[in-house]
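S.K.: Sequence unavailable; structure follows:
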């Protein structure tokens, strides 16, 4: 019995090595895009533009980082964008009413986290498939946000608060520091902690994971709560960067975040992938849009090119993985 | 004796009958269809409809797709409404072509319907009330170029590609630029009416263009996003938006936004509802009003700086003079 479970959970290192190969492909793709853009546009490699790309990618990454853990357990969180919208609108109100950014930040983190926890409860206690549970949550959150905002916007926040999303420290945008912090935490958590390895194991084979004594329900709760909290964090960055909250802020965020996770090489079937891969995925998506803006590619062609890049990336992923297995 | 009693009975009955016929002259129910709960513009339309209905002693019922701009959802809402039989309908199609079968259903049910904002590609309407997106684009862009002295480097941030409003507004922008040989269009890039996307597009465009003098954004949210990007890079440019939202008025007041084209959502809601009720009461209606564009600037923003609920609808006599056709 013990032998079987050992085999089925498989030592984490074998996942890592395969993930490492995948990561190399990802980085190669990102470098290729960069090389092409550097040739085509002389402003691409400027320091300003590189910081730009990193700051823009960080927004997608914050949402996608928590989502990566969910996808690693073979789940999906479709409510992240709607969660960002609700968190941002409530946090914006709190900052307006109290004048305290700290209270606003706490609000966003708590609202985001609670929404994530509710998702986790639906998935674990009620055994609703995550796709359906979080899809339902998406509607609930949209409904609440639309009702609460009634077509209005909240705008104008204190200058100090604005620094979080728009400010610089030693020449680097503050979101880039946050990016590095959360990238490190996420990578260390997934690769170097028992909890992280248990999450991989749950994604690879939930039955085996349960049999080997992993508290599957509690780990899933944690994963969804983290995803929700990261959406709350993202809402703060958005709020301070955009200087305003509106009900449809999250509409265009969910799918790019999912795309970043998948382009980054995390498998929808769970158990394979890395948080760093998700960062590279977010980077690739951002580079493509940034490049098309720099090159003044017609508005007509931009969605088409983005779509092709997404499909190519996932196709390459599946091809290389099959070969690797 | 008995007859007399009947007579006593008849008296209050007659009175009730008199009251109800009196009440039938007003108290109509107007079903108002708008595209979504997220765009502040439609909120101004709904408030305008409510104010008009209130002053004419009628009631409004609002039908809004829960998923923004959803064609199937608006179609099923029409089916529901046709069963409920409101006195009249004020209608904005979520898609001017795809909703034609829906309009035909309303026509078959013999419910009078007024078309506002987006002109439906088919169906029979009591009247059409709208604004001219082309002249809104043209007039706002002319104002920008006049301010810049007829020259300078211009960028356009486009709305959702293929949407009726975007096509016409961008055409207006471009025609105004062509009128000024000294002006140069650097780029026309998509922001999809979203604040964040516009901000990022602007950040990217600033990398490849060291001198940007004017920004033409197809709506206010994108204009404000562009301003945030300019502020973040410590650069200055004259920015215009379209819609005349509260946020835009605040930005005009503080000198950050040069101007916004008023799409007259409030007046469209008012006039649409007014025509719907008037046709029910067999009063004359105006078949078509295309509202003249108003360029809201620091010189004339005051009437727009009033909460919507406190604004008053134009009278029927004034309505005739508001049109440009």
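M.R.: Perfect, thanks for sending it. Computed from a predicted model, the values in this text were never measured in an experiment.

S.K.: Nearest to chain B: which residue in chain A?
M.R.: Chain B sits closest to residue A:151 of chain A, with a gap of 2.9 Å, by C-beta to the nearest C-beta. All C-beta spots, glycine's among them, are computed from the backbone N, C-alpha and C.

S.K.: Check which helix or strand the closest residue to that residue other than its chain neighbours maps to.
M.R.: Leaving aside its sequence neighbours, residue A:151 sits nearest to residue B:43 (C-beta to C-beta, 6 or more residues apart in numbering or on different chains; 2.9 Å). Take DSSP states H and E as the rule and residue B:43 turns out to sit in helix B:40-55.

S.K.: correct me, but residue A:121 touches residue A:220?
M.R.: No - using C-beta atoms under 8 Å, residue A:121 and residue A:220 do not qualify as a contacting pair, with a distance of 9.6 Å.

S.K.: Looking at the two, which one has more neighbours?
M.R.: residue A:220 (23 against 17; other C-beta atoms under 10 Å in any protein chain shown).

S.K.: doesn't the more buried one fall inside a helix?
M.R.: Yes - per DSSP: H, G, I helix; E, B strand; the rest coil, residue A:220 lies within a helix segment.

S.K.: roughly how far apart are it and residue A:214?
M.R.: 10 Å (C-beta to C-beta, to the nearest Å).

S.K.: shared neighbours of these two, which are they?
M.R.: residue A:202 (C-beta atoms under 8 Å, 6 or more residues apart in numbering or on different chains).

S.K.: Near the closest residue to residue B:230 other than its chain neighbours, how many other residues are there?
M.R.: Closest residue to residue B:230 in three dimensions, ignoring its sequence neighbours and counting by C-beta to C-beta, 6+ apart: residue B:237, at 5.7 Å. Residues lying near residue B:237 (other C-beta under 10 Å) number 22.

S.K.: Please apply the same query to the one 10 residues further on.
M.R.: Residues contacting residue B:247 under the criterion other C-beta under 10 Å number 26.

S.K.: Test my guess that it contacts residue A:153.
M.R.: Yes - counting by C-beta under 8 Å, residue B:247 does reach residue A:153; the two are 5.4 Å apart.

S.K.: hmm, back to that, buried ones in the following helix or strand past the helix holding residue B:43, by neighbour count?
M.R.: Going down the chain from helix B:40-55, the next helix or strand is strand B:59-63, by DSSP H and E. By neighbour count with 16 or more other C-beta atoms under 10 Å in any protein chain shown, strand B:59-63 contains the buried residues B:60, B:62, B:63.

S.K.: Of the residues you listed, just say which sits nearest to chain A.
M.R.: Taking C-beta to the nearest C-beta as the measure, chain A lies nearest residue B:62 of those, at 11.0 Å.

S.K.: quick one: that closest one from residue B:54, how far?
M.R.: Counting by C-beta to C-beta, the gap from residue B:62 to residue B:54 is 14 Å.

S.K.: What segments of the stretch 201-325 of chain B are helices?
M.R.: For the stretch 201-325 of chain B, the helices defined by DSSP state H, counting those that start in this stretch occupy B:220-232, B:246-253, B:265-280, B:316-322.

S.K.: swap that for the stretch 151-300 of chain A, sorry
M.R.: According to DSSP H, counting those that start in this stretch, the helices that the stretch 151-300 of chain A contains are A:159-166, A:174-192, A:194-204, A:206-211, A:216-242, A:254-263, A:275-294.

S.K.: Export these as CSV, with columns for distance to residue A:28 and mean pLDDT.
M.R.: CSV is the format used below for these (distance: least, C-beta to C-beta, whole Å; pLDDT from 0 to 100):
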stretch, distance to residue A:28, mean pLDDT
helix A:159-166, 31, 91
helix A:174-192, 19, 94
helix A:194-204, 24, 93
helix A:206-211, 33, 91
helix A:216-242, 27, 95
helix A:254-263, 13, 92
helix A:275-294, 10, 92
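
S.K.: Of the ones you listed, which is nearest residue A:125?
M.R.: Proximity to residue A:125 (C-beta to C-beta) singles out helix A:216-242 among these, at 7.5 Å.

S.K.: quick one on the thing from earlier: common neighbours of residue B:247 and residue A:153, please.
M.R.: Residues touching both residue B:247 and residue A:153 by C-beta under 8 Å, 6+ apart: A:244, B:40, B:221.

S.K.: What is the nearest of those to residue B:290?
M.R.: residue B:40 (22.1 Å).

S.K.: Check that closest one and give its pLDDT.
M.R.: Listed pLDDT for residue B:40 reads 81.

S.K.: which residue is nearest the middle of the chain?
M.R.: Reading this off chain A. Central residue of chain A (C-alpha atoms, centre = their mean): residue A:64, 0.7 Å from the mean position.

S.K.: my bad, the chain I had in mind was chain B
M.R.: Closest-to-mean residue, chain B, C-alpha atoms, centre = their mean: residue B:265 / 3.4 Å.

S.K.: got a list of what that residue touches?
M.R.: Taking C-beta under 8 Å, 6+ apart, one finds B:41, B:42, B:43, B:44, B:45, B:48, B:117, B:243 in contact with residue B:265.

S.K.: Format the residues you listed as JSON lines; extra columns: neighbour count.
M.R.: Formatted as JSON lines, the contacts of residue B:265 follow (neighbours: other C-beta atoms under 10 Å in any protein chain shown):
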{"residue": "B:41", "neighbour count": "25"}
{"residue": "B:42", "neighbour count": "23"}
{"residue": "B:43", "neighbour count": "24"}
{"residue": "B:44", "neighbour count": "25"}
{"residue": "B:45", "neighbour count": "31"}
{"residue": "B:48", "neighbour count": "27"}
{"residue": "B:117", "neighbour count": "27"}
{"residue": "B:243", "neighbour count": "25"}
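
S.K.: any low-confidence regions in the stretch 1-150 of chain B?
M.R.: Where the stretch 1-150 of chain B drops to pLDDT under 70, the residues are B:1-25.

S.K.: list the contacts for the residue in it that chain A sits nearest to?
M.R.: Per C-beta to the nearest C-beta, residue B:43 is where the stretch 1-150 of chain B lies closest to chain A, at 2.9 Å. Contact analysis of residue B:43 by C-beta under 8 Å, 6+ apart lists A:150, A:151, A:152, B:265, B:308.

S.K.: and with 7 Å instead?
M.R.: A:150, A:151, A:152 (C-beta atoms under 7 Å, 6 or more residues apart in numbering or on different chains).

S.K.: Redo the residues you listed as TSV? Include pLDDT.
M.R.: Shown next, in TSV, are those (pLDDT from 0 to 100):
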residue	pLDDT
A:150	80
A:151	76
A:152	80
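
S.K.: Would you mind writing the PyMOL command to select the buried ones in these?
M.R.: Burial among these is assessed by 16+ other C-beta under 10 Å; the matching PyMOL selection reads:
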select buried, chain A and resi 151+152
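
S.K.: between the contacts of residue B:43, which is nearest residue B:75?
M.R.: Nearest to residue B:75 among the contacts of residue B:43, with distances taken as C-beta to C-beta, is residue A:151, at 22.5 Å.

S.K.: and the closest one, what is it in contact with?
M.R.: Contacts for residue A:151 (C-beta under 7 Å, 6+ apart) come out as B:37, B:39, B:40, B:42, B:43.

S.K.: since we're on the closest residue to the fourth one other than its chain neighbours, how many residues are nearby?
M.R.: Closest residue in space to residue B:42, ignoring its immediate chain neighbours: residue B:34 at 4.1 Å, by C-beta to C-beta, 6+ apart. Residue B:34 has 26 neighbouring residues, counting by other C-beta under 10 Å.

S.K.: residues contacting residue B:34?
M.R.: If you count contacts by C-beta under 7 Å, 6+ apart, residue B:34 has them with B:42, B:45, B:46, B:62, B:64, B:92.
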